[in-house]
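Undergrad: This is a predicted model, with the sequence first.
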Amino acid sequence: MTTSNTKMIFEQSKSGRRAYSLPENDVETFDLTAQLPKHLSRKNAAELPEVSELQLMRHYTALANKNFGIETGFYPLGSCTMKYNPKVNEDIARMDGFMNIHPLQDPATVQGALKLMYDLQEDLKQVTGMDDISLQPAAGAQGEWAGLLIFKAYHEKNGEGSQRKTILVPDSAHGTNPASAAVAGYNVREIKSNENGTVGVEALKSALGPDTAGLMLTNPNTLGLFEVDIVEIAEIVHEAGGLLYYDGANANAILGKSTPGEMGFDVVHLNLHKSFSTPHGGGGPGSGPIGVKKYLSPFLPVPRIEKQEEEYVLNTDYADTIGRVKGYFGNFGVNVRAYAYIRSMGAEGLQQVSEDAVLNANYLKARLSKYYDTPYKQHCKHEFVLSGLRQKRKGVRTLDIAKRLLDYGFYAPTVYFPLIVEECIMIEPTETEAKETLDEFADAMIKIAEEVEEQPELLHEAPLTKSVRRLDEVVAARKPKVIYQK
Ligand SMILES: *Cc1c(COP(=O)(O)O)cnc(C)c1O
C-alpha cells in the first residue's frame with residue numbers, strides 16, 4: 001500500500017504548504033541574490049517539496065528507519081570492522097576545546113590539543129612496539145603509501161634506491177597493499193600462500209633477491225590466521241636487505257598480546273577508524289598513523305609533534321623527511337576518539353578486547369563449521385573464512401547466502417574476499433557482541449544452510465523482505481539515478 005509515509009516527499013508536495021509559520025518580517029532586509037553575478041542566478045525558483053512540519057519529520061524518520069547501522073543490528077562484516085564505538089568517545093570528540101580550534105592557531109594557544117596528539121603517539125608506540133609515530137596519514141591506504149615512501153627513502157639513503165624496486169605481497173593481502181606499492185612506484189610481486197593459508201617460507205625465499213625493497217604483511221592475515229613463521233620470515237627478508245611492512249588495519253586480535261615491533265616489522269600502520277573507535281560507515285573520516293623503528297625515524301613526515309621542556313612544539317627540522325603527506329596534522333577528531341578509547345579502556349581493557357574478539361570468532365567458527373566448508377582448520381584470531389562450495393553444488397552462490405541474511409535482520413558479511421578462497425564468506429564478529437547475538441546469527445546461517453537443501457530457488461530471490469531487492473549493480477554504478485524526476 002502506498003501511504004503518505006511511503007510516498008516520496010516530492011509526491012507529497014502541495015503548492016503553498018509550509019513547515020513553519022513566522023511572523024511578518026518588519027526589519028529591513030538585504031537581497032543577497034542581487035549581489036550574485038547574473039549568470040549564476042536561477043532562472044526559475046527551485047522545485048522544493050512543500051510539506052508541513054509533521055510530514056517533514058515523518059519523511060526524515062522514515063529515511064532513518066530504512067538505514068541499517070551498528071545500533072540497529074549485527075554486522076558480521078569482515079575486514080571493514082564495523083565494530084561498536086563507545087559513545088563516550090563521541091562526547092569527548094565534541095568537547096568545545098577540541099572541536100572549535102583551528103589548525104593554524106599559534107601552537108602556544110592549542111597546547112592541550114598538541115599534548116593529546118603527543119600522548120596518543122606515546123600510547124601507539126606501546127600498541128605497535130615501534131619507536132616513533134606520525135599521526136598524519138588520513139587512511140590505512142595513505143599510511144601504506146607513506147610507509148613505502150619511507151622504504152624508498154631508506155634504500156636511496158643506502159645507495160640502493162635504483163636497485164630495490166620490488167615489493168612482495170602475499171596473495172591473501174588486502175587490495176590496498178599492491179595498489180599502494182604501485183602508487184609508490186614499486187613493482188609488485190605476489191607470494192602464494194601455502195595450504196595452511198599462511199606465507200610459505202620456501203616461496204618467499206625464492207622470491208627474495210637484490211631487487212627486493214620489502215615485504216608487506218598483515219598478521220593475523222586476512223584469513224584471520226596468525227603467521228606462525230613470522231620471526232623466520234622477518235629474518236630472511238632482513239638478510240636479503242629488504243624491510244617489513246605491517247598492515248595493522250585491524251588490530252583487534254593483537255592489542256596487548258603481541259606487537260609488530262616484536263615480530264620484526266620495520267614500519268606499521270594502524271586504522272584508528274577501524275580498531276580505535278571512529279564510526280566509518282560510508283567511507284570516512286579516517287586516521288592511519290604510521291610507526292617506525294628508530295633507524296627509519298628521520299624519514300617520518302613533518303611537522304612532528306614533540307615535547308621540548310614543558311612545551312609541545314611542531315618540528316619540521318628533519319633533512320631526510322619524506323615531507324608532508326596530509327594537510328595540518330591528519331584527522332584530529334579521529335585521533336581524539338582513539339585517545340579517549342585507549343585511555344578509557346586502559347591496558348587491561350585493550351587486552352580484553354583482543355581476547356573477546358578472538359573468542360567470539362572461534363565460537364562462531366565452531367558453530368558453523370558443520371554446515372559450511374571451513375578451508376582452514378586451525379584456531380582463528382579475530383576473523384575467519386568459510387567457503388560456500390558445498391552450497392554451490394546445490395546451485396546456491398555465496399552472494400545468495402549474503403542476500404538471505406538481510407531477510408533475517410543481519411548485515412551481510414564480506415564475500416568473495418580474500419580472493420584465494422572459492423565462494424568465500426568472511427566473518428568478523430568483533431568483541432562487543434553478546435553470546436545471544438552470536439547465537440542468533442549462527443542460527444540464521446544454519447537455517448540458510450537448510451534452505452539450500454530444501455528450497456534453493458528461495459535463495460535466488462532473496463532478499464524477500466527489503467524495499468530494494470537485487471539491483472543491477474553495473475547499471476547502479478554506471479548510470480546512477482540521483483535526481484528525482486517527475
Ligand atoms: C581497510 C583495510 C585497509 C585500508 O584502509 P583504508 O583506511 O580503507 O584506506 C588496508 N588493509 C586492511 C587489511 C584493511 O582491512
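TA: On my side now, so go ahead.

Undergrad: C-alpha from now on. contacts and neighbour counts both.
TA: OK.

Undergrad: any idea how far R367 is from E440?
TA: R367 sits 11 Å away from E440, going by CA to CA, to the nearest Å.

Undergrad: just for the stretch 1-150 of the chain, where's the confidence low?
TA: Per-residue confidence for the stretch 1-150 of the chain (pLDDT under 70) gives these ranges: 1-5, 78-81.

Undergrad: Which residues of the stretch 151-300 of the chain lie near the ligand?
TA: For the stretch 151-300 of the chain, the contact set with the ligand under CA under 6 Å from any ligand atom comprises H174, T176, D247, A249, N250, N271.

Undergrad: Identify each buried residue in whichever helix in the chain runs longest, please.
TA: When the chain is parsed with DSSP state H, its longest helix is helix 332-368. Under the neighbour-count criterion of 16 or more other CA atoms under 10 Å, helix 332-368 has 332-342, 349-365, 367-368 buried.

Undergrad: before we move on, what about stretch 453-469?
TA: Within stretch 453-469, the residues that qualify as buried are P456, L459, H460, A462, P463, L464, counting by 16+ other CA under 10 Å.

Undergrad: Which member of those is positioned nearest the ligand?
TA: For the buried residues of stretch 453-469, the minimum distance to the ligand (CA to the nearest ligand atom) is 26.7 Å, reached by P463.

Undergrad: now the longest helix of the chain, how far from the chain's geometric center?
TA: A distance of 15 Å separates the centroid of the chain from that of helix 332-368, by CA atoms, centre = their mean, to the nearest Å.

Undergrad: is that helix anywhere near the ligand?
TA: No - legend: contact between helix 332-368 and the ligand by CA under 6 Å from any ligand atom is lacking; minimum distance shown is 12.0 Å.

Undergrad: So which elements touch the following helix or strand past that helix?
TA: Using DSSP states H and E, the helix or strand that follows helix 332-368 towards the C-terminus is strand 384-387. Under the contact definition 3 or more CA pairs under 8 Å, 6 or more residues apart in numbering; DSSP states H and E, strand 384-387 sits against helix 332-368, strand 424-427.

Undergrad: Please list all residues in contact with V385.
TA: L223, G224, T374, P375, Y376, C424, I425, M426, I427 (CA atoms under 8 Å, 6 or more residues apart in numbering).

Undergrad: give me that answer again for 6 Å
TA: By CA atoms under 6 Å, 6 or more residues apart in numbering, V385 lies in contact with I425, M426.

Undergrad: on that earlier part again, output the helices and strands packed on strand 384-387 in CSV, with mean pLDDT appended to each entry.
TA: CSV is the format used below for the helices and strands packed on strand 384-387 (pLDDT from 0 to 100):
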stretch, mean pLDDT
helix 332-368, 97
strand 424-427, 96
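
Undergrad: In JSON lines: those, plus distance to L204.
TA: Compiled in JSON lines, those are given as follows (distance: least, CA to CA, whole Å):
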{"stretch": "helix 332-368", "distance to L204": "28"}
{"stretch": "strand 424-427", "distance to L204": "25"}
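
Undergrad: Let me know which of these is the nearest to A203.
TA: Using CA to CA as the criterion, the shortest distance between A203 and the helices and strands packed on strand 384-387 is 23.7 Å, found for strand 424-427.

Undergrad: From the ligand, how far out is A62?
TA: Taken as CA to the nearest ligand atom, to the nearest Å, the spacing of A62 relative to the ligand amounts to 30 Å.

Undergrad: Tally up the residues packed near that residue, please.
TA: The number of residues packed around A62, counting by other CA atoms under 10 Å, is 13.

Undergrad: try G286
TA: For G286, the neighbour count with other CA under 10 Å is 24.

Undergrad: Kindly report the same for V201.
TA: Using other CA under 10 Å, V201 has 17 other residues around it.

Undergrad: Specify the residue positioned farthest from the middle of this structure.
TA: When distances to the mean C-alpha position of the chain are computed (CA atoms, centre = their mean), the maximum falls on D26, with 52.3 Å.

Undergrad: Phi first, then psi, for that residue.
TA: In terms of degrees, to the nearest 10, the main-chain angles of D26 are phi -120, psi 20.

Undergrad: quick one: contacts for Y312?
TA: Y312 neighbours (CA under 6 Å, 6+ apart): E306.

Undergrad: In three-state terms, label it for me.
TA: When the structure is reduced to helix, strand and coil (DSSP: H, G, I helix; E, B strand; the rest coil), Y312 reads as strand.

Undergrad: That one and the ligand, how far apart?
TA: Noted for Y312: a distance of 28 Å to the ligand, by CA to the nearest ligand atom.

Undergrad: Tell me the bridge partners for that residue.
TA: According to DSSP bridges, K307 are recorded as the beta-bridge partners of Y312.

Undergrad: what pLDDT does it get?
TA: At Y312, the model reports a pLDDT of 97.

Undergrad: Also S467?
TA: Among the per-residue scores, S467 holds a pLDDT of 81.

Undergrad: about what we covered before: ok, the residues of the stretch 151-300 of the chain next to the ligand vs A19, which is closest?
TA: Scanning those for proximity to A19, where the rule is CA to CA, the winner is N271, at 42.8 Å.

Undergrad: burial count for that closest one?
TA: By the other CA under 10 Å criterion, the neighbourhood of N271 contains 26 residues.
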